[in-house]
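Asks: Give me a model of this one.
(one chain, ligands or ions: 2)
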Amino acid sequence: MMNDTIRSVQAFEILDSRGNPTLTVRMTLEDGTEAFASVPSGASTGIHEAVELRDGGARFQGKGVQTAVRHVNEIIAPQVVGMSAGDQADVDHVLQSLDGTMQKSRLGSNALLGVSMAALRAAAVSRRVPLYRYIGGAQATTLPVPLLNVLNGGAHADNNVDIQEFMIVPAGAGTFSEAMRMASETYHALKALLKSQGLRTAVGDEGGFAPDLRSDTEALDLLLKAIQTAGLEAGKDIVLALDVAASELYREGTYHVGGESKTAKDMVEWYRTLVEAYPIVSIEDGLAEDDWAGWSDLRQQLGDRIQLVGDDLFVTNPTRIVRGIEENVANAVLIKLNQIGTVSETLEAIHRTHRAGWQAIVSHRSGETEDTTIADLTVGVNGTQIKTGAPARSERVAKYNRLLLIEADDPSLEYAGWEAFHR
Ligand SMILES: O=C(O)[C@@H](CO)OP(=O)(O)O
Ligand SMILES: [Mg+2]
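Replies: Numbers count the residues shown, from 1 in each chain. Ligands and ions are numbered 1, 2, ... in the order given. Have a look, this model is predicted:
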């Protein structure tokens, strides 16, 4: 018999994919269910994100992951034991009120999210349903198009490329597994191409290459070449997406790109030339996290042609998303559980995004673990796209592998394909 009353909650310090401390939470239920959830950690974090208690940050006055672990074990656990794991909204409400701050800085968003995700996972296990089915019920019908980061620049790489992430997007595949095959073949073709040009093939945090390139267009040309070498057609089988992470390029009121200072208007014109020359379907964080006026212009100029995704701009925060919808500054939202700190608030962010007719793209962080919750979350909410790195490095591949298993288990789910970019 199912009895999803929470019996115990315990946090442990573990390592993330960068070798930095993070935490995992084990929740047990009265019916004997045991579930774990692990929390990721970003590098290019938005200033409006929920605050994790992270080791080494001067900002946290010596409060690191150990403190977050203690908060779970000593403050949160006694309050949630006895609650029902399936009452996600109630559990998350308790977490939010125990913390009591706007950005979850008292207990730490990592402490809160670990418990919130553990409740979600435990409730599904207890009901003996796959996590995506527990989240989405009969309404989960879609498998997402993956956005795979294969080339890096910006603050993440030691080269002359300004854009942080160049992603390949196999929208033309017929199934999710075919999409992964196309993506990994392109990834390997890219590696061979870099090698043949004497360029570095070491990979960054998300599994993408970071060769020493002269410009952003050289990076885009390399991708087109790799797609072709893999026997695929750019624009038909695979298209491209960018994460500019423009907050990182923004200093003292201007954007610093290619050794020049640019206004928001110049940036929009730059994107127009890129979109005209390359099969780019999506640009994330094209402008900085508080440049609302610039974003509004970007949306007016390019919003009918391509997907414009807010990451640092919205930080998965329902309040910022509502403002973005009202001011019509984008048409898609990047969704990261740890930017907001609870499952319920993440679901609210997704629902508000979808209700506006915008796309919600569930995303990993640059510091990840083997936790695959985001794969199930994407399917559960009928997300048409997922962003979780290169098809290499196990912490990224774990999410893709989970989706491959979901596809194999449930033939009723349909690959989103081009529908993902329908506006
Ligand atoms: O900018 C981003 O979108 C993410 C993930 O790719 O990076 P980070 O986790 O470092 O914020
Ligand atoms: Mg981003």
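Asks: going forward, measure contacts between C-alpha atoms and count neighbours the same way
Replies: Will do.
Asks: just so I have it, where are all the helices in this structure?
Replies: Applying DSSP state H to the chain gives helices spanning 65-70, 77-80, 88-99, 109-127, 131-136, 176-196, 216-229, 264-277, 292-302, 318-326, 337-340, 343-355, 373-380, 394-409.
Asks: Tell me which of those sits nearest to ligand 1.
Replies: Among the helices of the chain, helix 337-340 comes nearest to ligand 1, with 9.2 Å by Cα to the nearest ligand atom.
Asks: How about residues contacting the closest one?
Replies: The contact list for helix 337-340 (Cα atoms under 8 Å, 6 or more residues apart in numbering) reads 39-41, 49-51, 103, 109-110, 113, 315-317, 343, 346.
Asks: again with stretch 348-366
Replies: 40-43, 205-206, 316-318, 321-322, 325, 331-336, 374, 377-378, 381, 383-389, 420.
Asks: Intersect the residues you listed with the contacts of ligand 1.
Replies: Near ligand 1, judged by Cα under 6 Å from any ligand atom, the entries from those are Gly42, Ala43.
Asks: And the contacts of stretch 348-366, which of them are buried?
Replies: 40-41, 205-206, 316-318, 321-322, 325, 331-336, 374, 377-378, 381, 383-389, 420 (16 or more other Cα atoms under 10 Å).
Asks: so what's the closest residue in space to Val397 that isn't next to it in sequence up against?
Replies: Once flanking residues are discounted, Val397 sits nearest to Pro391: 5.8 Å by Cα to Cα, 6 or more residues apart in numbering. Contacts were defined as Cα under 8 Å, 6+ apart; by that measure Pro391 touches Leu148, Met180, Ala183, Ser184, Tyr187, Gly207, Val397, Tyr400.
Asks: so what are the domain limits for the chain?
Replies: 5-128, 142-420 (the TED database).
Asks: any idea how far the residue nearest the centre of the chain is from ligand 1?
Replies: In the chain, the centroid-proximal residue (Cα atoms, centre = their mean) is Ser363; its distance is 1.4 Å. For Ser363, the distance to ligand 1 equals 7 Å [Cα to the nearest ligand atom, to the nearest Å].
Asks: Could you find the closest non-adjacent residue to that residue?
Replies: Nearest one to Ser363, counting by Cα to Cα, 6+ apart, is Lys387 at 4.7 Å.
Asks: re earlier: switch the helices of the chain over to JSON lines, and while doing so, append distance to Leu23 and mean pLDDT to every line.
Replies: Output for those, formatted as JSON lines (distance: least, Cα to Cα, whole Å; pLDDT from 0 to 100):
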{"stretch": "helix 65-70", "distance to Leu23": "7", "mean pLDDT": "97"}
{"stretch": "helix 77-80", "distance to Leu23": "15", "mean pLDDT": "98"}
{"stretch": "helix 88-99", "distance to Leu23": "16", "mean pLDDT": "98"}
{"stretch": "helix 109-127", "distance to Leu23": "7", "mean pLDDT": "98"}
{"stretch": "helix 131-136", "distance to Leu23": "21", "mean pLDDT": "98"}
{"stretch": "helix 176-196", "distance to Leu23": "30", "mean pLDDT": "98"}
{"stretch": "helix 216-229", "distance to Leu23": "36", "mean pLDDT": "97"}
{"stretch": "helix 264-277", "distance to Leu23": "39", "mean pLDDT": "98"}
{"stretch": "helix 292-302", "distance to Leu23": "34", "mean pLDDT": "98"}
{"stretch": "helix 318-326", "distance to Leu23": "25", "mean pLDDT": "98"}
{"stretch": "helix 337-340", "distance to Leu23": "12", "mean pLDDT": "98"}
{"stretch": "helix 343-355", "distance to Leu23": "16", "mean pLDDT": "98"}
{"stretch": "helix 373-380", "distance to Leu23": "15", "mean pLDDT": "98"}
{"stretch": "helix 394-409", "distance to Leu23": "15", "mean pLDDT": "98"}
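Asks: Please identify which of these is closest to Ser17.
Replies: The closest of the helices of the chain to Ser17 is helix 394-409. By Cα to Cα, the value is 6.9 Å.
Asks: Relative to the whole chain's centre, how far out is the closest one?
Replies: 15 Å (Cα atoms, centre = their mean, to the nearest Å).
Asks: Stretch 117-134 too?
Replies: 21 Å.
Asks: now what about it, what contacts it?
Replies: Contacts for stretch 117-134 (Cα under 8 Å, 6+ apart): 2-4, 25-29, 31, 33-37, 85-86, 88, 91, 140, 342-343, 373, 376-380.
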